[in-house]
Structure formats: C-alpha cells, structure tokens
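# This is a predicted model, with the sequence first.
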Amino acid sequence: MNSRLQTERPCQPPQHDCCSSSSSSSTAGSTQQPDQHPLSSSSSHRQPVAQLDYAALQQAASAARADSKRKSAAAAASTTSTPAGLETPTTPKSSSTSSCSSVTGSQQGSKVVDVVINVSAKGPLGCKSIFQLYSNRQRALILAIVSLASVLVPLSDTVYLPALQPIQQEFATSQQLVASSVAVYMFAVGLAALCLGPASDRFGRRIVYLLSTLAFIATSLGCIFAPSIGLLVAFRALQGAAVAGYGATGSAIIADVYAPHERGAAMGISTIPMLVGPILGPILGGALSQAFTWRSTFIAIAMYAGVVILPLLVLLPETQHYRRLRKLQQADPAAAAAVQGCECILGSPPVFKAPYYPLQVLAEGGVALHAIVALLSFGSMFCSLTEMPLFLAVAPYNLSPALTGLCYMAMGVAGIIASPLGGRTSDAAAATHPAAPLARLMYNTAISGLLLPCSLLLFGWALHFKLHLAVILVAQFCIGAAACAYTPSLFGYLTAMKQQGAAAAAAGLHSTMFLASAVLVLVASAAASAMGVGAFFSLLAGLNLLSAAVAGQQIYRQVASSREAGSSMLPKLQQSSAVADDVADLHEDRGIGKAGSPAPVVLVVDVCK
C-alpha cells in the first residue's frame, strides 16, 4: 500500500471518534511479508484522516484491480498457497476488551485479497459507529422531542408581548419597567446557557432537560400569581434561566445521534421551532390576552411545558456518548466493544467546563467571524420583529393587534422553508469540500451576505416611506429566510468540531445570540427614533454585509488551500462513487460472490472519524 494509506491511526482527541488498534496489532505481527501488494499494509500505526490522499486511494485501487486480473486464475485455483504479490493476513484474535480491528482477515484463510475502503459511519467490518446505536425511527423520535421542547425558548419570550400594555395598566407602572421584563428574560437565557451547556456535557442530557422543565413550570406559576411588577420581572429572569438548558442541550442531542455528514439537515429541522416560535408567540398571546387576561399567557406555556415533560421522561434516552456507551458496556460488554472508538470515548470521561469555556469556543479563529454573522443576522431579525408592530398600529395601516400578529406569519413560513433547506445545503457543501471544515458554511454565508442586507434595506425604507403592506411582508419573509438558512449550518459546524463538548459549544452560540438580540432590542427603538427607521436598518444591513464578506473570505481561503494541498477527509470518501466503483470492479474481476468462488481476505482501509 502507498505509505500514506495506513490501516490504523492513533486515538484522536475526545471530540473525534477513533478505533482501537489492540486487536489489529496482533494481526500485523503475525502477517508474513512477501512482495508488497499495492493495497496491502505492513504498518501497525494509524494515519490521521487528514493525511489520507484520495488520489492515492484511487490509484492504489486501480493498481490492485489490474494486478488481480493477472493473478485471478492462480488465485481461484489455489487453496493452500498465496499468489505472488498478494498478502494473506491471518485472522486476528478476538478480545472482549478491545475495539474492532481495522484489519480483518477471512476465517476461511482464502488467498484472494480484497480491499474494502471503510467510507461509511459503520466503521470496520464487525464494528459500528456510535451513531448507529439508534435506529432511524429512534432518531426521528428524538428529533421530534427535541424540536417540540425547543419551542419553549422563544415562545415564552414572545407569547406575552401583546399583554405588555395590560400589565402596565394593572400594576400602574412605567412602560420602561414593563419592557424590561422582556430584556431581562433574554439576558437570563444567554447567561444561564453558559452554565447549563457544560452541565449537560458533564451530567448528561436527560437530567438537564428534566430539571429545566420542572424549573420552568415552577417559575411560570410564579409569573401567574405575581402580585407586583418587581416580582414579575424577577420570575421572568428565573424563567429565562430555566429554559436556557433547552437550546444548548437540544443541539447537543442532535450531535449525539446524527453523524456529521447528515447533521446539517437534522439541525435545520430542529431549528425551525426556535425561529418560528417568535412568530407564533404574538399570535397566541394576543388571542389569549384579548379573550382572558395577561396571566393566561403564562398558564398556556406552563401547560405546554407539562405536556413536554412526558415524552422527556418516557421516550428520551440518555444520548451523551460516554454515558450511553457506559450503559451499553454494563449491559452487553461485547456490543460495547464493537462500537467504533469505544476505548477513546470510555477513556475520556466528561468533565464540567467553566462557564467561560463556551465563549472561548466562539473566540477560536475558525469560529469567531462566523459567530458574528449569526449574532448580527439573529439580532437583526428580532429588531424587525419588535419595530414592525409600532408602525403597523398607526396610519396608514391602522392594524388591530390580531391583524398585526397575523403579519408575523410571513417570517414564520420563511423559517419553515429555509431552515431545513439551509441544513441540507450545509451537508452538501461539506460533502463537496470535505478537506475544508469551513466549507460547510460556504453557501449559507453567501445567502446571508446577499439576501439579508437587501431585505433589511427594503424593510427599513418600506416602513420609512410607508409603502404598501405587501412590500413589508415580502421583506419580512426574506429576512426570516436568510436568518433561518444560516443558523443550522453554524450549529452543525460547531458540534462537528466539538463532538464531545457539543452542548458547551452550542451553549456559547445560544448565549451570545440571545445577549446580542437583547442589546439590539433595547437600542432599536431609541436608534430608530434618533436616526430614522430607514437609516437604522441600513446600518444593520451594512454590518451584516461586512461580516458575511469577511467570513466568506476565510472560507474561500481554506477551500482554496485544501484544493492546492490535494488533501481528503472522510466525507469525501463517503460520497465517492469512484472508490466504490473500484472496489466493485475488484469483486467482479475475481468472481467474488459467485458460486464456487473463493471467499476474500478483507483488508479494511479504516478511515473512520
């Protein structure tokens, strides 16, 4: 085999899975070393994925196919000797304490050497990825539970916005103090996420989810019976801290059960409630406040949380990799040993990271610029949400609160469409440019950098010149589409880079998104009044364009550099029909699978993550 194409590689840091080499090393030690075959290996050391050369894999497979054509007759006739130029590895001894070997020999001792390039999430023959511990149905159920639970984060923020004026009248207080209950909620979500994200990595996903739900129900009851504006603001802060665990933990659960090459689509689906909740909240809150009182909005979300806790208790398993594998090891040690990278995972027990760790993740060179893009796009979307009703309530629109709430549907529909599409686009970009991790953000950054600034300009100046309502709604739709398309790609990128600290990484992004939105919401009204609404949204458009352009430059440089280096990574092999065709041709050339044909000795080129 080409020297760069080793059959084993050492354990990687905790954020990456790897395979054990304990059983495969014995194989290498007992293997005879005749003339080297293009696809054989004499090394017992694994090569990092980044050093695998895709072109060399193709060339080696093609060389093996040509070589097998010359020797197929001798190989078929021989049952006791090895044809010249072909290596026959002996069957590795199994070990109940080791992971799967990356070099697997046929127990029949066949002398026909076949090569299987392990390019799927399944790992070597007899092994499976930790992501395969869940069936497709289980993963879909987990995704549905996470998506339904995450609705509470934005819904509890926006559901009582239509009730701000009745609250002010009942408590005979100032508008600023009532409005502070909105901002304090968002600040509490942002700050508490910095602690709950690392706690989810350390203590498990289920416990954080369940405790957050119970705390949310308790604080909602406090809001329902609050006798003063001061206590209402205090309970709103506690409510925000309770619900903060939903965002970071939900993203981490998606990262636990979906492999990186399909995670973007799952993130897109799970992000829909997060982005649609702000739209549905005012509609529901307006109807409840008008039909009953403002306290009914908190009754509604407390009841929803009571419904959510049932599937969390009954249907949601613990998905954190260490705890999941530890439980499997206690129940079935052999099954746990067959999981790809089990020694790496079990050898790295989770620890609680300091609350500033999620912010450190965002400050890393490959993340910071793209986090700024997310903060500006998410904050700009919230600014448009808070400014729109102020203009639609006066001439020439004069819309009632109920009709104003319906106008939010434009952005809601955009989120439903754009969020899953953005996730799939992210997966496609990652598959096309696997050697450049930032390529996952390539298309989504372009969408955000082009569509969002234009939409913000249209929205701001449509309000300024009091254009037709349809123009405002079209602008709202485009703002929502741009923001919703970008968010899942960034969460997919973060959780792929920080697999074992997925909750902490997601918590950093959730935290800063809500903190930035809270700041922008606080200054939006004053800035729009001082500058004019058109000029204010023009400023936001310029900031979004600048941040996307700078982030795009970083992505372009990494993609160009990876092309020049000619490097390749696992997703490239996963999507490569060329390698699959070469392996299929090897089977066909040797008659493998036909009656009377010899069983192959299999060399697995292990390129597992």
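That came in fine, so what should we check first?

# Flag every buried residue along the strand or helix carrying residue 474.
According to DSSP states H and E, residue 474 maps onto helix 469-497. Applying a neighbour-count criterion of 16 or more other C-beta atoms under 10 Å, one finds 472-497 buried in helix 469-497. Placement of C-beta: from N, CA and C, glycine included.

# And stretch 249-267, by the same measure?
Those would be 249-267, for stretch 249-267 by 16+ other C-beta under 10 Å.

# Over to stretch 341-359?
For stretch 341-359, by 16+ other C-beta under 10 Å, it's 341-346, 350, 353, 355, 357-359.

# okay, how far is it across stretch 314-327, tip to tip?
Start-to-end span of stretch 314-327 (C-alpha to C-alpha, to the nearest Å) is 17 Å.

# For that stretch, which outside residues touch it?
For stretch 314-327, contacts defined as C-beta atoms under 8 Å, 6 or more residues apart in numbering pick out 130, 133, 138, 141-142, 145, 200-201, 204-206, 209, 252-253, 256-257, 336, 339, 342, 345-346, 348-350, 499-500.

# Take the buried residues of stretch 249-267 and keep only those in helices.
249-257, 260-267 (DSSP state H).

# chain center to stretch 189-196: distance?
Distance of stretch 189-196 from the chain centroid (C-alpha atoms, centre = their mean, to the nearest Å) equals 19 Å.

# In PDB, list the C-alpha atoms belonging to it.
Extracted in PDB, the C-alpha atoms of stretch 189-196 (Å, rounded to 0.1, in the frame of the first residue of the first chain):
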ATOM      1  CA  VAL A 189     -31.300  32.900  28.800                       C
ATOM      2  CA  GLY A 190     -27.900  34.000  27.500                       C
ATOM      3  CA  LEU A 191     -26.100  33.900  30.800                       C
ATOM      4  CA  ALA A 192     -27.600  30.600  32.100                       C
ATOM      5  CA  ALA A 193     -26.800  28.800  28.900                       C
ATOM      6  CA  LEU A 194     -23.100  29.300  29.700                       C
ATOM      7  CA  CYS A 195     -23.600  27.000  32.700                       C
ATOM      8  CA  LEU A 196     -26.200  24.600  31.600                       C
END
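
# Residues contacting it, please?
By C-beta under 8 Å, 6+ apart, stretch 189-196 touches 153, 157, 208, 212, 240-245, 247-249, 355-356, 358-359, 507-508, 510-515, 518.

# Quick one: distance of the helix or strand hosting residue 504 to the chain centre.
Per DSSP H and E: residue 504 is located in helix 502-531. The chain centre lies 21 Å from the centre of helix 502-531; the measure is C-alpha atoms, centre = their mean.

# What helices and strands are in contact with it?
Counting contacts by 3 or more C-beta pairs under 8 Å, 6 or more residues apart in numbering; DSSP states H and E, helix 502-531 packs against helix 175-203, helix 229-257, helix 357-363, helix 368-392, helix 469-497, helix 533-565.

# Just the buried residues of stretch 518-534, please?
So for stretch 518-534, counting by 16+ other C-beta under 10 Å, buried means 518-522, 524-525, 527-528, 533-534.

# Need these in a markdown table (columns: pLDDT).
Formatted as a markdown table, the buried residues of stretch 518-534 follow (pLDDT from 0 to 100):
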| residue | pLDDT |
| --- | --- |
| 518 | 77 |
| 519 | 82 |
| 520 | 80 |
| 521 | 73 |
| 522 | 75 |
| 524 | 80 |
| 525 | 74 |
| 527 | 86 |
| 528 | 85 |
| 533 | 92 |
| 534 | 94 |
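
# Packing partners of the helix holding residue 474?
helix 229-257, helix 260-291, helix 368-392, helix 401-407, helix 409-432, helix 442-464, helix 502-531.

# which one of those is the most hemmed in?
Counting by mean count of other C-beta atoms under 10 Å, helix 229-257 has the highest mean neighbour count of the helices and strands packed on helix 469-497, with a mean of 25.

# nearest to residue 328, of the buried residues of stretch 341-359?
Taking C-beta to C-beta as the measure, residue 328 lies nearest residue 342 of the buried residues of stretch 341-359, at 8.8 Å.

# Tell me the spacing between that closest one and residue 324.
Between residue 342 and residue 324 the distance is 11 Å, computed by C-beta to C-beta, to the nearest Å.

# contact partners of stretch 291-303?
Stretch 291-303 is contacted from outside by 152, 155-156, 159-160, 163, 166-167, 170, 216-217, 220-221, 223-224, 284-285, 288-289, using C-beta under 8 Å, 6+ apart.

# Narrow these to those that are buried.
Judged by 16+ other C-beta under 10 Å, buried ones among the contacts of stretch 291-303: 152, 155-156, 159-160, 163, 166-167, 216-217, 220, 223-224, 284-285, 288-289.

# Low-confidence stretches in the chain?
Counting by pLDDT under 70, the ranges of the chain that qualify are 1-127, 175-176, 275-276, 500, 566-609.

# Quick check, central residue of it?
residue 492 (2.9 Å; C-alpha atoms, centre = their mean).

# pretty sure it contacts residue 428?
No - using C-beta atoms under 8 Å, residue 492 is not in contact with residue 428, being 11.8 Å away.

# Now residue 207: which helix or strand?
Using DSSP H and E, residue 207 sits in helix 205-224.

# Which residues does that helix contact?
149, 152, 156, 196, 199-200, 231-232, 235-236, 238-239, 241-246, 249, 252-253, 256, 295, 298-299, 301-302, 305-306, 308-309, 312-313, 316-320, 503.

# what does the domain assignment say about the protein?
Following the assignment in the TED database, the chain carries domains at 133-319, 355-570.

# okay if I get the ones you listed as JSON lines plus distance to residue 330?
Shown next, in JSON lines, are those (distance: least, C-beta to C-beta, whole Å):
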{"stretch": "domain 133-319", "distance to residue 330": "13"}
{"stretch": "domain 355-570", "distance to residue 330": "20"}
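
# residues in contact with the spatially closest residue to residue 142 that is not a sequence neighbour?
In space, and not counting its chain neighbours, residue 142 is closest to residue 257: 5.6 Å by C-beta to C-beta, 6 or more residues apart in numbering. Counting by C-beta under 8 Å, 6+ apart, residue 257 makes contact with 131, 134, 138-139, 142-143, 319.

# gap between residue 257 and residue 410?
33 Å.

# swap in residue 482?
From residue 482 over to residue 410 (counting by C-beta to C-beta), the distance is 13 Å.

# go on, residue 359?
34 Å.

# Over to residue 540?
Distance from residue 540 to residue 410, by C-beta to C-beta: 18 Å.

# re the thing from before, mind putting the buried residues of stretch 341-359 in JSON lines, secondary structure and distance to residue 422 included?
Output for the buried residues of stretch 341-359, formatted as JSON lines (DSSP: H, G, I helix; E, B strand; the rest coil; distance: C-beta to C-beta, whole Å):
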{"residue": "341", "secondary structure": "coil", "distance to residue 422": "29"}
{"residue": "342", "secondary structure": "helix", "distance to residue 422": "34"}
{"residue": "343", "secondary structure": "helix", "distance to residue 422": "36"}
{"residue": "344", "secondary structure": "helix", "distance to residue 422": "31"}
{"residue": "345", "secondary structure": "helix", "distance to residue 422": "30"}
{"residue": "346", "secondary structure": "helix", "distance to residue 422": "35"}
{"residue": "350", "secondary structure": "coil", "distance to residue 422": "30"}
{"residue": "353", "secondary structure": "coil", "distance to residue 422": "29"}
{"residue": "355", "secondary structure": "coil", "distance to residue 422": "29"}
{"residue": "357", "secondary structure": "helix", "distance to residue 422": "27"}
{"residue": "358", "secondary structure": "helix", "distance to residue 422": "23"}
{"residue": "359", "secondary structure": "helix", "distance to residue 422": "25"}
